[in-house]
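Engineer: Predicted structure and sequence below. I'll ask about it afterward.
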Amino acid sequence: MKTIPHWINGSPIEGSSTHTQPVFNPATGEQQSHVVLGSAADVDTAVEAASAAFESWSESSLSRRVQVMFAFRQLLLDNEEELGRIISAEHGKTVEDARGEITRGREVVEFACGLGDVLKGSYSDQVSRGVDVHNFRQPLGVVAGITPFNFPAMVPLWMHPVAIATGNTFVLKPSERDPSAANFVGELYRKAGLPDGVFNVVHGGKDAVDALLGHPGIEAVSFVGSTPIAKYVHQTATAAGKRVQALGGAKNHAVVLPDADLEFAAGHITAGAYGSAGERCMAVSVAVAVGEAADALVEVLERKAREVTVGPGDAPGTDMGPLVTKAAQERVENAVGTAATQGATVVVDGRGLKVDGHENGFFTGPSLLDHVTAEMDAYQQELFGPVLAVVRVGTLDEAIELINANPYGNGTALFTASGEAARRFQRKIKVGMIGVNVPVPVPMSYYSFGGWKDSLIGDSPVHGPEGVRFYTRPKVVTTRWPRPAVQQAAAGFSFPTSS
Ligand code: NAD
């Protein structure tokens with residue numbers, strides 16, 4: 001059985017720990033490999049390699065760092081199909097969907113290719129007589145990324161291109177459920193000319209995470225995953241004196257007003273709910289039907305849910321693959337059962353779906369629940385599966401109230417033909433990323449990605465300008481070059497003012 005090693009200092013390394021974890025093919029339900037689970041000693045090895053590499057990488061020119069990013073971008077393009085297949089085989093999503101996440105991740109590399117412009121400091125001439133001020137930003141040192149299973153390429157790509165291009169070195173702890181994409185990216189970086197030790201991967205679970213959070217050699221931690229772990233990571237790493245950005249879970253609502261084009265809205269909500277089997281932090285998990293939109297909307301949503309083709313991620317024509325693990329499949333199917341018990345109408349029941357030739361795969365079909373209320377588990381919990389809950393409300397203001405009372409605030413969307421309603425919605429809603437007739441409003445890489453409330457712990461979104469700020473520290477320099485032989489102002493003992 002294949003062992004997936006760490007990637008440290010430009011090479012695959014099995015490390016000192018003897019613990020491993022099985023990695024499954026979710027479409028067949030079979031174990032296909034196992035991944036090493038790193039210990040504190042393995043984290044030490046990676047941090048040492050990254051610290052040594054920081055000495056020269058942080059001194060390398062901006063042009064050189066950007067050149068590596070240009071080469072890395074091209075390699076991501078050239079290897080998109082292969083990386084897409086690696087992701088699909090361990091995660092279960094379709095190869096096409098995996099290529100989509102690589103594209104969105106590559107856009108962060110493209111942002112990093114233009115870092116010269118973003119990193120420009122500012123300069124103020126003659127702030128006092130003979131005195132000028134300028135500022136610039138410097139890298140932090142070794143930084144860590146801890147990432148979830150659902151985007152094994154894209155979420156780490158939100159972090160490492162910005163961290164590395166700004167002169168830091170990086171230790172990634174990817175999800176142990178789909179670990180291979182991280183090592184493949186390590187190889188691409190090496191081919192792109194990135195010096196050994198600048199990008200490292202330590203696989204593992206809680207032990208490896210805890211070793212990173214307390215490691216004195218690590219300056220900053222970027223985390224994306226579920227809210228309880230985001231809170232734990234934020235508390236632990238800030239207590240150890242590190243900068244932390246920690247993105248958590250989500251419950252994303254799409255509001256449909258009666259004036260919306262229902263066919264258009266339902267098509268986009270269906271794709272947003274069931275794409276990637278609902279295992280996206282920006283998945284639409286609640287459709288909020290306003291007023292008289294409800295009956296007609298549910299009718300179209302039902303038709304579209306029944307049209308979704310479920311199958312293995314590498315089969316042509318598949319819309320939606322399996323869930324990532326058997327446990328996830330069981331959890332989602334139990335949640336549909338609980339919703340029915342609690343009074344929701346199960347309009348489409350995805351439970352018990354069998355895919356021909358893949359009877360042991362972790363499949364469940366799309367489920368559509370109607371008449372869901374805010375008290376039900378199906379509304380309160382992040383199900384992270386292909387389940388769309390319809391909540392009916394009377395007005396747009398009630399919809400806004402519902403969403404604002406929800407503990408999560410990652411993404412939301414409004415389907416309407418009214419500019420006034422769209423403006424009111426975007427101003428009043430307590431959510432970080434908003435779509436107007438756009439169901440999954442993932443910001444472009446030159447903006448920053450992050451939610452509100454329990455979807456983002458702390459204050460730092462990822463990538464774009466916020467990413468640059470997070471991975472660098474500012475310096476402000478006040479300069480005077482006295483002209484020889486010219487009378488200068490005498491040094492004063494009062495606090496300096498400019499005049
Ligand atoms: P998870 O929280 O279980 O795992 C995330 C990372 O934390 C993994 O690397 C894992 O190994 C590690 N981890 C897990 N348990 C730990 C523990 N007890 N102590 C220390 N480390 C631990 O999340 P997941 O199931 O891999 O991913 C799905 C979750 O991620 C969902 O909640 C989803 O909404 C969220 N997510 C959020 C965003 C966002 O941008 N807000 C993006 C993607 C995923």
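Structural biologist: Nice, I can see it.

Engineer: Spatially central, which residue of this protein would that be?
Structural biologist: What sits nearest the mean C-alpha location of the chain, by CA atoms, centre = their mean, is Val155, with 3.9 Å.

Engineer: tell me which parts of the stretch 101-250 of the chain are close to the ligand?
Structural biologist: The stretch 101-250 of the chain comes close to the ligand at residues 146-151, 155, 173, 175-176, 205-206, 209, 224-226, 229, 247-250, as judged by CB under 6 Å from any ligand atom. Using the backbone N, CA and C atoms, a C-beta is placed for each residue, glycine as well.

Engineer: Report the buried members of the residues you listed.
Structural biologist: 146-151, 155, 173, 175-176, 209, 224-226, 229, 247-250 (16 or more other CB atoms under 10 Å).

Engineer: so the residue nearest to the centre of the chain sits in a helix?
Structural biologist: Yes. Secondary structure of Val155 (DSSP: H, G, I helix; E, B strand; the rest coil): part of a helix.

Engineer: Show me which residues of the stretch 301-450 of the chain are close to the ligand?
Structural biologist: Neighbours of the ligand within the stretch 301-450 of the chain, by CB under 6 Å from any ligand atom: Glu382, Phe384, Asn410.

Engineer: ok, 8 Å please
Structural biologist: Val324, Glu382, Phe384, Asn410, Phe449, Gly450 (CB under 8 Å from any ligand atom).

Engineer: so who does Ile434 touch?
Structural biologist: Contact analysis of Ile434 by CB atoms under 8 Å, 6 or more residues apart in numbering lists Gly411, Thr412, Ala413, Leu414, Phe425, Gln426, Pro441.

Engineer: Now the buried members of these.
Structural biologist: By neighbour count, with 16+ other CB under 10 Å, the contacts of Ile434 hold Gly411, Thr412, Ala413, Leu414, Phe425, Pro441 as buried.

Engineer: Just give the closest residue to the last one, not the sequence neighbours.
Structural biologist: With sequence-adjacent residues excluded and distances taken as CB to CB, 6 or more residues apart in numbering, Pro441 is closest to Gly435, at 3.3 Å.

Engineer: any idea which element Gly492 lies in?
Structural biologist: Assigned by DSSP states H and E, Gly492 falls within no helix or strand.

Engineer: Smallest gap between the stretch 1-150 of the chain and the ligand, at which residue?
Structural biologist: With CB to the nearest ligand atom as the measure, Pro148 is the residue of the stretch 1-150 of the chain nearest to the ligand, at 3.0 Å.

Engineer: Show the model's pLDDT score for the spatially closest residue to Pro148 that is not a sequence neighbour.
Structural biologist: Excluding the flanking residues, the one nearest Pro148 by CB to CB, 6+ apart is Gly225, at 4.3 Å. You'll see Gly225 listed with a pLDDT of 98.

Engineer: contacting residues around Gly225?
Structural biologist: Ile146, Thr147, Pro148, Val233, Leu247, Gly248, Gly249.

Engineer: Same list (those) but as CSV, adding distance to Gly492.
Structural biologist: Shown next, in CSV, are the contacts of Gly225 (distance: CB to CB, whole Å):
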residue, distance to Gly492
Ile146, 51
Thr147, 54
Pro148, 57
Val233, 49
Leu247, 49
Gly248, 52
Gly249, 57
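
Engineer: Sort out for me which of those are in helices.
Structural biologist: Secondary structure from DSSP state H places Val233 of these in helices.

Engineer: Nearest to Ser128, out of the contacts of Gly225: which one, please.
Structural biologist: Leu247 (43.2 Å; CB to CB).
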